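Colleague: Predicted model and sequence below, questions to follow.
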Amino acid sequence: MSSNFETIRVERKGGVASVILSRPGKRNSINAQLLSELHQALQAIASDLEVRVLVLRGDGADFCPGADVKHYASGGTGEGRTPTPIQQFDIAVLLHEMPAVTIAAISGACAGAGFGWACACDLRVASETARFNTAFLDVGVAGDMGGPWTLPRLVGAAKARELYFLPGKFDAAEALRIGLVSRVSSATDFEVELQALVDRLDRAAPLALSAMKANFVAAEKMGFAQYVALESEKHTRLFRSNDTAEAFKAFVEKRAPVFKGS
């Protein structure tokens, strides 16, 4: 993976990767370069089966307010005005379907395409400073990054339509109430509680964690009977693994399991 990114940072510690949107002075808003670099980073992470957890977050006070509207209003430059479809749309698919469990760690502004990226992740956790808005109609576009597919699955069809057709800012407490985020932390506790969540997932049985993620992705693409057949086959195979035997033994012995990914 390239380490020469200018609009994002990628950090790696064991089985955890963090991708930090980073456009200082622009609140991590999106231009063509950020799209391209984020797509490149996520492709590399998705192909690295040693990564168990991916955290997507913003640098500084904000997650991502969406497109850099001033940049696009002024005409941008070349590709900056019309990013390639694979850069623009595949990012949400990568976040939603990659083998790793993806977490959107949200503080400050989360709107537009940034809102869509958060919805594409497996989990969303927020600081009390988080502020959300679909915002697409406010700038005369219908939206991108898969929101009309992901958002109804999170908050229900009626609420998702309301958030898109009647855009407006709402806070972290409301995001928790409607089920958009799974937990909200105080600004002072956000980093500690986020790290605890990441550590818990990183300690989980790696084969089971990746199979569980794959099960959710598969279930969205097939009928119930077909999915149950697939789930049963995976469950039987996983049940014979060394990690599952270790988990059962550790449970009986009242100790922490030691997983080896086999």
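Modeller: Cool, got the structure.

Colleague: going forward, measure contacts and count neighbours with C-alpha atoms only.
Modeller: Will do.

Colleague: where along the chain do the strands fall?
Modeller: In the chain, strands defined by DSSP state E lie at 8-13, 16-21, 53-58, 101-106, 109-111, 123-127, 131-133, 170-171, 183-185, listed in chain order.

Colleague: So for the shortest one, mean pLDDT?
Modeller: When pLDDT is averaged over strand 170-171, the result is 98.

Colleague: Run the chain-centre distance for it.
Modeller: 19 Å (C-alpha atoms, centre = their mean, to the nearest Å).

Colleague: ok, back up a step: so can I have TSV of the strands of the chain showing distance to Gln226?
Modeller: TSV is the format used below for those (distance: least, C-alpha to C-alpha, whole Å):
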stretch	distance to Gln226
strand 8-13	37
strand 16-21	32
strand 53-58	28
strand 101-106	23
strand 109-111	36
strand 123-127	26
strand 131-133	37
strand 170-171	39
strand 183-185	33
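
Colleague: who wins for proximity to Glu231 among those strands?
Modeller: Nearest of those to Glu231, taken as C-alpha to C-alpha: strand 101-106 at 18.1 Å.

Colleague: Can you give me the neighbour number for Thr236?
Modeller: 10 (other C-alpha atoms under 10 Å).

Colleague: Same check on Leu151?
Modeller: As a burial measure, Leu151 scores 23 neighbours (other C-alpha under 10 Å).

Colleague: Apart from its neighbours in sequence, what residue is nearest it?
Modeller: Spatial nearest neighbour of Leu151, excluding adjacent residues (C-alpha to C-alpha, 6 or more residues apart in numbering): Ala160 at 5.7 Å.

Colleague: Report the separation between that neighbour and Trp149.
Modeller: 10 Å (C-alpha to C-alpha, to the nearest Å).

Colleague: Equivalent analysis for Pro167, please.
Modeller: Computed with C-alpha to C-alpha, the distance linking Pro167 and Trp149 is 17 Å.

Colleague: and stretch 252-262, how far from the chain's centre?
Modeller: On C-alpha atoms, centre = their mean, the centre of stretch 252-262 falls 28 Å from the chain's centre.

Colleague: And that stretch, end to end?
Modeller: The first residue of stretch 252-262 is 20 Å away from its last residue (C-alpha to C-alpha).

Colleague: if we can go back for a sec, Serialize the strands of the chain to a markdown table and add fields for distance to Ala67 and mean neighbour count.
Modeller: Converted to a markdown table, these look like this (distance: least, C-alpha to C-alpha, whole Å; neighbours: other C-alpha atoms under 10 Å):
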| stretch | distance to Ala67 | mean neighbour count |
| --- | --- | --- |
| strand 8-13 | 15 | 15 |
| strand 16-21 | 12 | 21 |
| strand 53-58 | 14 | 24 |
| strand 101-106 | 17 | 26 |
| strand 109-111 | 9 | 25 |
| strand 123-127 | 20 | 24 |
| strand 131-133 | 13 | 24 |
| strand 170-171 | 19 | 16 |
| strand 183-185 | 25 | 21 |
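
Colleague: of the ones you listed, which approaches Ala211 most closely?
Modeller: For Ala211, the closest of these is strand 101-106, at 10.6 Å, according to C-alpha to C-alpha.

Colleague: Give me the distance from the closest one to the chain's centre.
Modeller: 4 Å.
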